[in-house]
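Enquirer: fold the following, please.
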Amino acid sequence: MSALPLTSRAACGDAKTALREPCVLLKLGEIVLKGKNRQQFERLLHDNIRRAVHGLGIRVQIWQREGVIVLRLADGQTGQAAEAAADLLAGRMRNVMGLSRVCRAVRVAKDPEAAAAAAVELTAGRHGTFAVRARRRDKRFGVNSSQLATLIGARIQRAHGYPVNLSHPDVTVYVEVDQSEVFVFTEGLPGQGGLPVGMSGRALVLMSGGIDSPVAAYRMMRRGLRCGFLHFSGMPLTGPESVYKAYGLARELDKFQAGSRLFVVAFGRAQQRLATSGAGRLQIVAQRRLMLKTGEALARRLHAAALVTGDSLGQVSSQTLANITALDDAVKLPILRPLIGLDKTEIMAEARRIATLQISELPDQDCCSLLTPRQVETRARIEDLRRIEARLDADDLAEELAAAAQEHSPARS
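Expert: Numbers count the residues shown, from 1 in each chain. The predicted model follows:
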């Protein structure tokens, strides 16, 4: 995909010559509240839009308006192929963070009759009641919003005979008058909301292959973090199944940020060393501290400013408040836990919505289930954990594990 140069907020070309041009309207979310920093957010969002359409083979033009971004097919393409391309663009835009709504629209001349004709065409073959919602971003337009809605509503009723229902219509026609043209559409789909990925910096997600950590990653991407992924496999004590799952999860999550990187650490031998060091009931907490130390070592190389985990308070015995406090002590980087107050049902619902649940439920041998003691400590003492780590030279071991991490690129096309 090659994108044409970005135009300014000013005039957007000769709309009078575009009688019916398919396009995509992108409504901004909380970006509109960013004041003087808003342009920085918008520029990053434009970059992310370009990444999202990469590989589609569609040349697009991006127009920034007040609270709205217009995606127009390069060279003002029309016809069936252009309609299909615009549909494809709209589908891809639904996964771009920072957009509150995605609307597949038609761009017509800045004229009430042109808008009415487009609305009549868009509502052909529909059933039930309808309503028209009109707004003017350009207040200089000769017809006000109420008059425009009435005019277009009358044309639709005359053409199709549909009854009007302004409160709960089956079909809503939206008409937006802009600087040089009018946009007409009949529906909008929800976007991801949040902030553009990359606006908040970089983080490294400890990706277990289970249900929780992919949801945690999604939530942090939605808050503007570009996430790398770190997976600990039980190899050579287990097979590679967990790596396949982690790869599949990272690939699925890549639709929200593009260009994801997955790092895999073979952790089985390190777990054995912890077990033989006399960790006992502290085995699970001790190995999670070692994972965090390894993550911190890798994060420094990736210029990531935080670690992300899928911890949920009290969900399992290693996630008690005392144990979480002991985990925080292992590293200097902040550990972000976006799921800390959610229960399993809520996490599973979100995993289902973002399409990671089915992958997470595939069978594998999780490294955390290896060498698990009969009883797990729920009130780990930091002093005891530090003594275990001193016997192992845990900081040096973490550096070795980070250096040996294998990188994969699970990016989606």
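Enquirer: wait, a helix at residue 182?
Expert: No: under DSSP: H, G, I helix; E, B strand; the rest coil, residue 182 sits outside any helix and is assigned strand.
Enquirer: count of residues packed around it?
Expert: Residue 182 sits with 27 neighbouring residues when counted by other CB atoms under 10 Å. Placement of C-beta: from N, CA and C, glycine included.
Enquirer: and for the one 3 residues further on?
Expert: Residues within reach of residue 185, counting by other CB under 10 Å, total 21.
Enquirer: again with residue 227
Expert: 25.
Enquirer: so what pairs up with it in the strands?
Expert: Residue 227 has these beta-bridge partners by DSSP bridges: residue 203.
Enquirer: all the strands of the stretch 251-400 of the chain, residue numbers only.
Expert: 262-266, 307-308, 335-336 (DSSP state E, counting those that start in this stretch).
Enquirer: and for the stretch 101-250 of the chain?
Expert: 130-136, 171-177, 181-185, 189-190, 201-206, 225-233.
Enquirer: possible to save these as CSV with distance to residue 157 and mean pLDDT?
Expert: What follows is the strands of the stretch 101-250 of the chain, written out as CSV (distance: least, CB to CB, whole Å; pLDDT from 0 to 100):
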stretch, distance to residue 157, mean pLDDT
strand 130-136, 8, 96
strand 171-177, 11, 96
strand 181-185, 16, 95
strand 189-190, 26, 94
strand 201-206, 53, 98
strand 225-233, 49, 97
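Enquirer: in TSV, list these along with distance to residue 239.
Expert: Formatted as TSV, these follow (distance: least, CB to CB, whole Å):
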stretch	distance to residue 239
strand 130-136	56
strand 171-177	53
strand 181-185	50
strand 189-190	40
strand 201-206	21
strand 225-233	9
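Enquirer: follow-up on the earlier one: from the strands of the stretch 251-400 of the chain, which stretch is densest packed?
Expert: Burial of these is given as mean neighbour count (mean count of other CB atoms under 10 Å); strand 307-308 ranks first at a mean of 26.
Enquirer: ok, and what's touching it?
Expert: Strand 307-308 is contacted from outside by 203-206, 213, 216-217, 220, 225, 227, 292, 295-296, 299, 331, 333-338, using CB atoms under 8 Å, 6 or more residues apart in numbering.
Enquirer: picking up where we left off before, mind putting the strands of the stretch 251-400 of the chain in a markdown table, distance to residue 398 and mean pLDDT included?
Expert: Listed next are the strands of the stretch 251-400 of the chain as a markdown table, based on distance: least, CB to CB, whole Å; pLDDT from 0 to 100:
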| stretch | distance to residue 398 | mean pLDDT |
| --- | --- | --- |
| strand 262-266 | 10 | 97 |
| strand 307-308 | 12 | 98 |
| strand 335-336 | 15 | 98 |
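Enquirer: now the ones you listed in a markdown table, with distance to residue 42?
Expert: Shown next, in a markdown table, are the strands of the stretch 251-400 of the chain (distance: least, CB to CB, whole Å):
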| stretch | distance to residue 42 |
| --- | --- |
| strand 262-266 | 30 |
| strand 307-308 | 26 |
| strand 335-336 | 25 |
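Enquirer: now do the domain split for the chain, please.
Expert: Taking automatic domain parsing as the domain assignment, the ranges for the chain are 17-190, 201-408.
Enquirer: of these, which stretch is the most buried?
Expert: domain 201-408 (a mean of 19).
Enquirer: quick one: that domain to chain centroid distance?
Expert: On the basis of CA atoms, centre = their mean, to the nearest Å, domain 201-408 is displaced by 20 Å from the centre of the chain it belongs to.
Enquirer: for it, how far is the first residue from the last?
Expert: 21 Å (CA to CA, to the nearest Å).
Enquirer: skipping adjacent residues, who's closest to residue 146 in space?
Expert: Among residues not flanking residue 146 along the chain, residue 134 sits closest, at 7.5 Å (CB to CB, 6 or more residues apart in numbering).
Enquirer: wait, the one you found touches residue 177, no?
Expert: Yes: in this structure, residue 134 is within contact of residue 177 by CB atoms under 8 Å, at 7.5 Å.
Enquirer: shared neighbours, the two?
Expert: residue 148.
Enquirer: residue 72 reaches residue 106, doesn't it?
Expert: No: the pair residue 72 / residue 106 is not scored as a contact, 11.4 Å apart, by CB under 8 Å.
Enquirer: residue contacts, residue 170?
Expert: Neighbours of residue 170 in contact, by CB under 8 Å, 6+ apart: 126, 127, 128, 129, 130.
Enquirer: ok, 6 Å please
Expert: The contact partners of residue 170, by CB atoms under 6 Å, 6 or more residues apart in numbering, come to 128, 129.
Enquirer: phi, psi of it?
Expert: phi -80, psi -30 (degrees, to the nearest 10).
Enquirer: can you map out the helices along this structure?
Expert: Secondary structure of the chain (DSSP state H): helices located at 38-53, 80-93, 112-123, 145-160, 212-222, 241-253, 268-276, 283-302, 321-328, 344-353, 357-360, 382-392, 394-403.
Enquirer: now the angle from the second one to helix 38-53?
Expert: In this case it means helix 80-93. 120 degrees (axes from the mean of the first three to the mean of the last three CA atoms, to 10 degrees).
Enquirer: swap in the longest one?
Expert: Using the same axes, to 10 degrees, the direction of helix 283-302 lies 100 degrees away from that of helix 38-53.
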